[in-house]
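J.: Model the following, please.
(one chain, ligands or ions: 1)
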Amino acid sequence: IDALLAEGVAGKRVFVRADLNVPLDGTTITDDGRIRAVLPTVKALAEAGARVVVASHLGRPKGTPDPAFTLAPAAARLGELLGAEVAFAADTVGESARSVVAGLANGGVAVVENLRFNAGETARDDAERAAFADRLAALADVYVGDGFGAVHRKHASVYDLPARLPHYAGHLIADEVGVLKKLTDDVKRPYVVALGGAKVSDKLAVIDELLGRADRILIGGGMAYTFLKAQGHEVGISLLQEDQLPAVTEYMERAGKNGVELVLPVDVLVAGEFPDLRTKAPANPSTVAVDAIPADQQGLDIGPRTSKLYASKLADAGTVFWNGPMGVFEHPDYAEGTKAVAQALVDAPGFTVVGGGDSAAAVRTLGFDESAFGHISTGGGASLEYLEGKTLPGLAALED
Ligand code: 3PG
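T.: Residues are numbered from 1 along each chain as shown. Modelled structure (predicted):
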């Protein structure tokens, strides 16, 4: 983007592909981190006199307009954070978008409606994506990719559109890639990785890669129960991906061979039911050792002994990468494990990276000071796939 700003953008229509996919409670944004993260790029372009067209997906609507996934609240928040009026187009490439963009003054900012209200955005068929990318390209003169959270998606606005316009990487993408490069090229040891979240299937590829890189891998969240089952424990009605048991078993063996410490919970919080996240009614969980999970109960957070154990494994870390909450942190009765790991990152002597929409939201909603972490990535799947060493379509499209 520095090159673009040096060339001059006054009067040009600049399409900024952002990731404004923020968590919402109804129409209330519960964590605006991703909106704040794109501000440096939007501000720099507006201050340079560009006519800025911001676009993003939100959630996973099915290729047609769906009011539950409107970007209107995100556009309003962007305006508040910029301290400027932000125009909002009620469609993405239709009449509203065309007239809103045509009405932008130099230095003005507009947000167009959710990219995924158009089937062409996510289409597998190249021609269908290309047709939608052509319509997006008609809205702008220049493309700036700054939606780091979506660079792993081969979607029209991420992958096909940059090929149609002069294209540049925004500040956020440049920062994110700079930090993640450190984890692949220049890691200070011990390198400790904490992985949580619901599904082990989302994390298999990154674990596979990390078994050759990390010194310790700490496992929590819903995915821990597939590991515990593979270790021979009964996990009651906890989340379990039976089909992943062979892979997980192989990883545990490989960790042993490679000298990587793969650390699993020793105790967990259990209850008969998943908690009510709306009312946050008391859940009254019990703490049990992992070899004593009752048949009719499910694990919903790591227990206090595990929290201490994980904190001790992070205490001397030279580098930490953490992705995925340790439990159902959205409910206060199941937030302690995630809090303990976040606090251990704050206390760790080395460079700490929080990756992932959920873990990033967790540190902010649990009241941690963002500056206490080395880097909080805006990318969930994107940061994992970067660490897996995959070619990310949205980065490749900007590099060419
Ligand atoms: C994310 O939340 O990780 C990004 O916004 C990408 O969203 P997606 O997984 O729906 O493509």
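
J.: hey, let's count contacts and neighbours off CA atoms from now on
T.: Noted.

J.: Just give the nearest non-adjacent residue to E242, would you?
T.: Among residues not flanking E242 along the chain, T226 sits closest, at 7.1 Å (CA to CA, 6 or more residues apart in numbering).

J.: what about that neighbour, distance to E234?
T.: 10 Å (CA to CA, to the nearest Å).

J.: who's more crowded, these two?
T.: T226 (25 against 17; other CA atoms under 10 Å).

J.: who does the helix or strand where V193 lies touch, helix- and strand-wise?
T.: For V193, the host element (DSSP states H and E) is strand 191-195. On a contact count with 3 or more CA pairs under 8 Å, 6 or more residues apart in numbering; DSSP states H and E, strand 191-195 meets strand 216-219, strand 319-323.

J.: contact partners of that strand?
T.: For strand 191-195, the external contacting residues (CA atoms under 8 Å, 6 or more residues apart in numbering) are 213-221, 313-314, 317-326.

J.: tell me which residues in the first helix or strand past it going along the chain are buried?
T.: Once the chain leaves strand 191-195, the next helix or strand it forms, by DSSP H and E, is helix 204-210. Across helix 204-210, burial judged by 16 or more other CA atoms under 10 Å covers L204, A205, V206, I207, D208, L210.

J.: just stretch 377-397 next, same as before
T.: Neighbour count says stretch 377-397 has 377-388, 392-395, 397 buried, by 16+ other CA under 10 Å.

J.: ok, and of those residues, which contact the ligand?
T.: For the ligand, the contacts drawn from the buried residues of stretch 377-397 by CA under 6 Å from any ligand atom are G379, G380, G381.

J.: Adding pLDDT, write the buried residues of helix 204-210 out as JSON lines.
T.: Shown next, in JSON lines, are those (pLDDT from 0 to 100):
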{"residue": "L204", "pLDDT": "92"}
{"residue": "A205", "pLDDT": "93"}
{"residue": "V206", "pLDDT": "94"}
{"residue": "I207", "pLDDT": "96"}
{"residue": "D208", "pLDDT": "95"}
{"residue": "L210", "pLDDT": "95"}
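
J.: Closest to R36 out of these?
T.: V206 (27.5 Å; CA to CA).

J.: mind checking how far that closest one is from L395?
T.: V206 is 19 Å from L395, by CA to CA.

J.: again with N21
T.: Distance from N21 to L395, by CA to CA: 19 Å.

J.: What of V260?
T.: Using CA to CA, V260 is found at 30 Å from L395.

J.: got JSON lines for the helices and strands packed on strand 191-195, with mean neighbour count too?
T.: As requested, these are exported to JSON lines (neighbours: other CA atoms under 10 Å):
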{"stretch": "strand 216-219", "mean neighbour count": "24"}
{"stretch": "strand 319-323", "mean neighbour count": "25"}
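
J.: Tell me the residues of the stretch 51-200 of the chain that contact the ligand?
T.: G59, R60, G149, A150.

J.: Quick check on the spatially closest residue to the third one that is not a sequence neighbour: phi, psi?
T.: Spatial nearest neighbour of G149, chain neighbours left out: G379 (3.8 Å); criterion: CA to CA, 6+ apart. With angles defined as degrees, to the nearest 10, G379 sits at phi -100, psi 130.

J.: Surely G379 and G355 touch.
T.: Yes: between G379 and G355 there is a contact under CA atoms under 8 Å: 6.2 Å.

J.: Can you name the element that comes right after the helix or strand harbouring E253?
T.: Per DSSP H and E, E253 falls inside helix 245-258. Counting by DSSP H and E, the next helix or strand C-terminal to helix 245-258 is strand 261-263.

J.: Can you tell me the strand partners of the helix or strand just after that next one and which way each runs?
T.: Scanning forward in sequence from strand 261-263 by DSSP H and E, the next helix or strand is strand 267-271. Strand 267-271 pairs in its sheet with strand 286-289 (antiparallel), strand 298-302 (antiparallel), by DSSP bridges.

J.: So which of the buried residues of stretch 377-397 belong to helices?
T.: Within these, residues falling in helices by DSSP state H are G381, A382, S383, L384, E385, Y386, L387, P393, G394, L395, A397.

J.: Between those residues, which sits nearest F373?
T.: For those, the nearest to F373 is S383 (16.1 Å; CA to CA).

J.: Next one: that closest one relative to L161, how far apart?
T.: Taking CA to CA, one finds S383 at 22 Å from L161.

J.: now for the lowest-mean-pLDDT helix or strand in the chain, which elements pack on it?
T.: Among the helical and strand segments of the chain, the one scoring lowest on mean pLDDT, DSSP states H and E is helix 357-365, with a mean of 87. Using 3+ CA pairs under 8 Å, 6+ apart as the contact criterion, the neighbours of helix 357-365 among helices and strands are helix 336-347.
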